[in-house]
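S.K.: Here is a sequence with its predicted model. Questions after.
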Amino acid sequence: MAMTPARTTLFLALLAALPAVHAQDEAAAKPRKSAKTTTLAPVEVHGASANGYRANRSQLGSFGGGSLHDAPAAVTVITRDQLDDRQPRTLSELARSDASLGDNYAPVGYYQDVAIRGFTLDLATSLRENDLTITGEQPLSLENKQQVEVLKGMAGLEAGIVAPGGLINYVTKRPADVRAVTLGTDSHGSQYGAVDLGGWLTPHFGLRFNAAHEGIDSYVQHADGRRNFYALAADWIISPRATLELDGDYTTSAQRSVSGYQLLGGTQLPPHPSRTRMLGFEPWQKPVAIQAANLSARFNYQLSDDWRARVAVGHSRSVINDNVAYAYGCFYSPACAGGSPGNFFAPNGDYDVYDYRSPDDTRRNDEARATLEGSFDTGVVRHDVTLGVSAFRRTVDQRQDVYDYVGTANIAEVDPPYFAPSPNQPGPSARRLTSWQRALFALDRVHVGEHWELLAGGRFVRLDERAYDSSGAPERDTRLSKLLPQAAVLWQPTAQWTGYVSYSEGLSLGGEAPYWTSNDGEILPPVHTRQVEAGVKFDPSDALSLGAALFRIRQPYQFAQPDSSPAGFTFVQSGQQVHTGLELNAAGRLSEHLRLTASTAYIHARAENTGTPAYEGHQITNVPRLRTAVYADYQLPFLPQLGLLGGWRYSASKTATPDGRVSVPAYHVFDAGLRYTAQWHGHALTWRLNVDNVFNRFYWRDTGSSYGDSFLFPGAPRLTRLTVTYAF
C-alpha cells in the first residue's frame, strides 16, 4: 500500500533526525533518574530493569503472589523492555511472546481472543488488570502497562470460574519521574504517537499519565482504522502503614472487521488465499466502534509486622457497535445445493454475505475483593496465610441485531459485487445476562524445615446467573455452589532450585449451541476442570531464569455431535478433553551482550470417550502439537548503542476440523530488528526498527472457532515498524 504525502512526510521527519543523533554517538550516555522509592511495594511489580527480559515477581495472588521462583505454577512475564523492543499493538501480537499461547478467533479490526495451553480464554473472566477482572471485549492498549503476566493453568483459586488454560493479567505503570514521547510509523503508512509523563507531586503523592493515538493503515484493503487511549495512575502514601493506588483508562477505536476464510465444502483449504483482501466488503459497511473504560482502586494497610489487609475494587465497561458485511457459509449459494454443509464456504469458493449490525452491545464487569494476609508460627513450622472474600458481577445488554442475507460472492473476486444493505433496523436494548460470582477463599503456605513447603487452599464459589432472550424474558437460570481445592508441594534444595507438584480444580462456563444444531442457542451448564502440574525452576544467576513444566488438564468435551436429528447435529458435553504437555522456558541475560526469552510447548490434545469415534485419536482443532517462540537482543561489543533484535516462531500443523481430516501446514516465521540508543541535548533518544515476517511467509495463524463455527485466518505479511522515543 503506497504512503500518502502526509504519511511519507512523517516517515521522513523521523529519519531526518538520524544525522543529529549520529553526531552525538560518542557522548557519554547519562543514566536516567531513577524512580522514587516508596513503600507501596508488596503488590507492585516493576520487573527487573537491570535484566530487561526477566522479572522476579508477580502480582497474581493464587499462590500467595511474590517471587516467581517460589511459585508452584508456570507464570510467564512479558516485561516492559520486551514490549518496547517488539512493539506489539494487539492481543494477537502479544501472544507471539510465549509458545503456550496462540490465536483463537482473532480477526483484524475486532476484539481478539487467544488460547493458553490449547484452551480458549473466556473473555468474561480470563483477562485482568492489576489482578481485577476486566471485560475482554475491548482493544487492550499496552502504553500504560509495566508488564503482562500469563498464569498458565492452575487459576481455580485465583479466579474461580475461568477457562482451564489460565489467565492474563496486565500490570499498570506506577508513578515515577519520567517524561517521554514516542513517534512511529510503519511500512503501510500508519501514524503512531504516545506520551508517558509521571512524577511525585509531593513526597507522598504521585501521578502517571499515558496517552496514545494510532492511525492504522492496515495491510488488509478497506480495513484502515484508529485508536485513542488515555490512562492515569495515582499513588498516595497515606501513612507509613497505609497506601492507596488508583487507576483509570479509556480507549476508543474504530476499524472495519475482517471476516475469516472457511473450508470449501467443509473439506478443502481455500486455494490461493489473500492476506490483503477483505471478504464480503461492501462500501456501506461501517467500522466496528468500541469504547472501553477500566477503573480500579487498591487500598493496602499494614496491621503489624506480620499482618496486612488489602481491599480492591474494579469496574470495567465496554460498548461495541458491531457492523460488518459478514462473509459466512453458503446456505444461499447454488453451489451448495448438492448437499455441501451450509456453515462452510461452497466447494467452488462461493460464500454468503450478511448485513450484521449490533449497536450498543454493552458488557460490564464489577469486582470487589478483601484479603487478610499474615504469618505465624506453630512450633517450628511457619505459616503464610491468605484469607479472602470476593464478589464479581457481569452484565450484558444488547439490542436485537440485524443479521440479514444480502448476496453471494466468491473468494476469487477482489471485491464482491455491490449488494444493497438490509432495510431492517436493530431493536431496543434489553438485558441479556446477569451473572454473580461470590466466593470465600483461603490459602496456607506451610514452611517445613529449610527445604520443603506445603500449600493447601480452596475457593468456595457461588454462581447465580440468569440469561434472557432478545425480548428480555428469562431464558435460563443457573445456580451452583462448588468448592475448588488447590494444593502443592515445593522442594528447594538450594536457593537456585525449586521443584514442585501442584493440583487444582476449577469451573469453566458451558458453551452455547450453534444455530445450525438441534438445540440452537442452548447454553450448557458449567464444567468441572482438573489440573495437575509438575515443574522445576532453576536460576543460575540473578539475571537468568530457566523452567520446565509437565501438565495434564481435563474437562468435559463440548462439541456439535453428529446425530439423526433434523439438524444433523446436537451440541453436547460428552467424554473428556485432555491436554497433556511439556513446556520449557528461559528468560534473561545469557552473557554481557546477549539477552533473550525462549519457550517451547509440546501439547498432546485429545478427545476421549465422546461417543463419536471420528473425533478421537487425533489432535484437537487449532492446537499445534509443537510451538516455539524465541526472541533475542544482542548488543554489539564494539558499538554498545546498537542492539540487534531477532525472533523465530514455529508452529506444527493444526487440524481445522473435529474429525482431523483437514489440517493447515506447519510454518516458520522469522522477525528482525534494530535498537539504537543515543543522546540528544543531554537526553536519551532511542530508535527501534522491527521487521515482522522478514521472508513474507504465508501461513494460517488461526483455525479456531466462534460460537461453534470454524474459521481460517491468514498470518500478517511482512510488516516494518519504526519508532523513536525521546526521554526529555
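M.R.: Nice, I can see it.
S.K.: and A35, what pLDDT?
M.R.: As predicted, A35 sits at a pLDDT of 39.
S.K.: What's the local residue count around A420?
M.R.: 10 (other CB atoms under 10 Å). To be clear about C-beta, it is placed using only N, CA and C from the backbone, and glycine gets the same treatment.
S.K.: residues in contact with it?
M.R.: Contacts for A420 (CB atoms under 8 Å, 6 or more residues apart in numbering) come out as V406.
S.K.: helix or strand for it, which one?
M.R.: Following DSSP states H and E, there is no helix or strand that holds A420.
S.K.: From D633, how far out is it?
M.R.: 53 Å (CB to CB, to the nearest Å).
S.K.: show me where the chain has helices.
M.R.: Here the chain has its helices, by DSSP state H, at 5-16, 18-23, 80-86, 91-94, 156-159.
S.K.: List of residues touching the last one?
M.R.: By CB under 8 Å, 6+ apart, the surrounding residues in contact with helix 156-159 are 60-63, 125-126, 128, 133, 151, 162, 167, 441, 443, 457-459, 484, 486, 504-507, 529, 531.
S.K.: So what sits opposite G166 in the bridge?
M.R.: Judged by DSSP bridges, the bridge partners of G166 are K152.
S.K.: That one touches L127, doesn't it?
M.R.: No - applying CB atoms under 8 Å, one finds G166 not in contact with L127, separated by 11.0 Å.
S.K.: Of those two, which one has the most company?
M.R.: Shown here are G166 and L127; by other CB under 10 Å, G166 has more neighbours (30 against 24).
S.K.: Read off the pLDDT value for H46.
M.R.: Note on H46: pLDDT of 40.
S.K.: Next, count neighbours for P72.
M.R.: When neighbours are counted by other CB under 10 Å, P72 registers 28.
S.K.: for it, what are its contacts?
M.R.: Counting by CB under 8 Å, 6+ apart, P72 touches 63, 455, 488-490, 498, 500-502, 533, 535.
S.K.: what do you get if the cut-off is 7 Å, keeping everything else the same?
M.R.: In this structure, P72 makes contact with 63, 455, 488, 490, 500, 502, judged by CB atoms under 7 Å, 6 or more residues apart in numbering.
S.K.: roughly how far apart are it and L157?
M.R.: 12 Å.
S.K.: Over to D249?
M.R.: Separation of D249 from L157 (CB to CB): 27 Å.
S.K.: Then G673?
M.R.: From G673 across to L157, the span is 39 Å (CB to CB).
S.K.: So between those two, which is more surrounded?
M.R.: Set G673 next to L157 and count neighbours by other CB under 10 Å: L157 wins out with 26 against 23.
S.K.: Give me the distance between the more buried one and K482.
M.R.: According to CB to CB, L157 and K482 sit 12 Å apart.
S.K.: now the strands for the stretch 201-350 of the chain?
M.R.: According to DSSP state E, counting those that start in this stretch, the stretch 201-350 of the chain carries its strands in the segments 205-216, 225-237, 242-255, 288-302, 307-328, 350-378.
S.K.: just to revisit the earlier point, nearest to G329 among the contacts of P72?
M.R.: Closest to G329 out of the contacts of P72 is S502 (43.3 Å), distances taken as CB to CB.
S.K.: how many neighbours does the nearest residue to the closest one once chain neighbours are set aside have?
M.R.: Of all residues not flanking S502 in the chain, A488 sits nearest, at 4.1 Å (CB to CB, 6 or more residues apart in numbering). A488 has 22 neighbours, counted by other CB under 10 Å.
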